[in-house]
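Asks: need a structure here:
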Amino acid sequence: MTSILNQSEIYSRGDQQVWKGRVDGIEREWMRWHQLIDCVDLSVRPDLHQAVTLLGFCSDKGVSRNRGRLGAKDGPAAIRRVLANLPVHFSDELKLKDAGDISINDNDLEASQEVLGRALKIILEQGGFPIVLGGGHEVTYGHYLGIRDFLKDRNESLGIINLDAHLDIRNLNEGKGNSGTGFYQIAQDRSQNNHQFRYLAIGIQEISNTKGLFAYAREKNAQIIERKNICNERLSAIQKEIQDFSHSVDYVYLTIDLDVFAAPYAPGVSAPAFNGIVPDALFFRLYESILSLPNLKSMDLAELNPYFDIDSRTAKLASDLIFRFVNRF
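Replies: This next block holds a predicted model:
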């Protein structure tokens, strides 16, 4: 492509041919997403103001390093197939853009994360709201690199909300990151650059994390809301914790690991959780409280593995999470 992304061989622009679906009419009230999506090339720095901008991260190299089951690299395509047929309910002012995919070249995860960071920074600089479609949860570190560089000259603070069964704060293995090390890498980078590490993890399970991971996360002042404590009686307290967390930072980044959900609803993930969150009215009240944060500036969805999905349940759940966000506009 061009020198803007530097590693053009692992960036492919949005492809209009990907967006196909049913046509019920050409008037807006009958339209579906595939009729309105605009595919763009980030290398030419398109105008993205008032645009929700999708970007795929086609990687499961981090999952492989983490000894998980492979297939998440095809998650972005699976999500797009569902999104294509969603009905248009969002306002006329909102634009939908597809900025294409970042893929892995020569098994070089670190280079791909850097390219993802550069692409994400372009989206933010051009006024877009990025939604990155994973891919393994190694997407987190690449997403973070883009936010970090975007905020570098703005003197703004960052807070990350992670919906996940796992803390993903494990140490590097032989100096290399994987799908479970993202927040360790971020914590190290924040410390090295004299920035505060602000991390709120929601849906965490004891069965999925060692005592050492909990201890390290608390040592880093991470806020943890465990799955067992997400209930109607505690909903108001959790919503207040989310709001207080948001008020303490300038930029909120939301990352959703789909394995936070119970396996019957999200069977197509790298590491299914039999007792995860049920996507019911309680969860969506919690989710809406995150979406309503005025300083929520970007998000991603990770770990969709279409090869283990059943009737596209996980892809449909991921798409519903995006649908609810987009319809706020």
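
Asks: Would you map the helices across the stretch 1-150 of the chain?
Replies: 33-36, 61-65, 75-83, 109-125, 139-151 (DSSP state H, counting those that start in this stretch).

Asks: Let's have those in CSV, adding mean pLDDT and mean neighbour count.
Replies: C-betas here are computed from N, CA, C, even on glycine. Supplementary listing: the helices of the stretch 1-150 of the chain in CSV, determined by pLDDT from 0 to 100; neighbours: other Cβ atoms under 10 Å:
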stretch, mean pLDDT, mean neighbour count
helix 33-36, 98, 19
helix 61-65, 93, 25
helix 75-83, 98, 24
helix 109-125, 97, 23
helix 139-151, 98, 24
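
Asks: want to throw those into JSON lines with distance to residue 276?
Replies: What follows is these, written out as JSON lines (distance: least, Cβ to Cβ, whole Å):
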{"stretch": "helix 33-36", "distance to residue 276": "28"}
{"stretch": "helix 61-65", "distance to residue 276": "18"}
{"stretch": "helix 75-83", "distance to residue 276": "18"}
{"stretch": "helix 109-125", "distance to residue 276": "26"}
{"stretch": "helix 139-151", "distance to residue 276": "18"}
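
Asks: do you know which of the ones you listed lies nearest residue 246?
Replies: Closest approach to residue 246 among the helices of the stretch 1-150 of the chain (Cβ to Cβ): helix 139-151, 15.3 Å.

Asks: Who does the helix or strand following that closest one pair with, and is each partner parallel or antiparallel?
Replies: Downstream of helix 139-151, the first helix or strand assigned by DSSP states H and E is strand 158-163. The sheet places strand 158-163 alongside strand 199-204 (parallel), strand 251-257 (parallel), with pairing taken from DSSP bridges.

Asks: which one of those lies closest to residue 62?
Replies: Distances from residue 62 to each of the strands paired with strand 158-163 were compared using Cβ to Cβ; the minimum, 11.9 Å, belongs to strand 251-257.

Asks: Identify the residues contacting that closest one?
Replies: The set of residues external to strand 251-257 that reach it, using Cβ atoms under 8 Å, 6 or more residues apart in numbering, is 137, 139-140, 143-144, 147, 151, 156-166, 168, 245-246, 269, 290, 293, 295-303, 318, 321.

Asks: where does that strand sit relative to the chain's centre, distance-wise?
Replies: How far strand 251-257 lies from its chain's middle: 6 Å, per Cα atoms, centre = their mean, to the nearest Å.

Asks: Report the rounded mean pLDDT for it.
Replies: The average pLDDT within strand 251-257 is 98.

Asks: how about it: buried residues?
Replies: 251-257 (16 or more other Cβ atoms under 10 Å).

Asks: got it, and stretch 271-281?
Replies: The neighbour-count check on stretch 271-281 (16+ other Cβ under 10 Å) flags 271-273, 276-277, 279 as buried.

Asks: Now for these: which two are most distant?
Replies: Pairwise distances among the buried residues of stretch 271-281 were taken by Cβ to Cβ; the largest, 17.6 Å, belongs to 271 and 279.

Asks: if we can go back for a sec, could the buried residues of stretch 271-281 go into CSV alongside distance to residue 262 and secondary structure?
Replies: What follows is the buried residues of stretch 271-281, written out as CSV (distance: Cβ to Cβ, whole Å; DSSP: H, G, I helix; E, B strand; the rest coil):
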residue, distance to residue 262, secondary structure
271, 13, coil
272, 9, coil
273, 6, strand
276, 4, coil
277, 6, strand
279, 8, coil
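
Asks: coming back round to it: any idea which of the helices of the stretch 1-150 of the chain gets closest to residue 284?
Replies: Checked against Cβ to Cβ, the stretch from these lying closest is helix 75-83, at 17.9 Å.

Asks: tell me the angle the closest one makes with helix 139-151.
Replies: 90 degrees (axes from the mean of the first three to the mean of the last three Cα atoms, to 10 degrees).

Asks: Residue 91 versus the closest residue to residue 126 other than its chain neighbours, what's the distance?
Replies: What sits nearest to residue 126 in space, not counting adjacent residues and going by Cβ to Cβ, 6 or more residues apart in numbering, is residue 48, at 4.0 Å. Between residue 48 and residue 91 the computed distance is 16 Å (Cβ to Cβ, to the nearest Å).

Asks: what about the two, which has more around it?
Replies: Relative neighbour count places residue 48 above the other of residue 48 and residue 91, with 23 against 11, counting by other Cβ atoms under 10 Å.

Asks: pLDDT value on residue 5, please?
Replies: Looking at residue 5, its pLDDT is 69.

Asks: and residue 82, what is it in contact with?
Replies: By Cβ under 8 Å, 6+ apart, the contact set of residue 82 is 312, 315-316, 318-319.

Asks: mind listing which of those residues are in helices?
Replies: Counting by DSSP state H, these place 315-316, 318-319 in helices.

Asks: Which of those residues has the largest number of neighbours?
Replies: Among the ones in helices among the contacts of residue 82, where neighbours are counted by other Cβ under 10 Å, the top count belongs to residue 318, at 28 neighbours.
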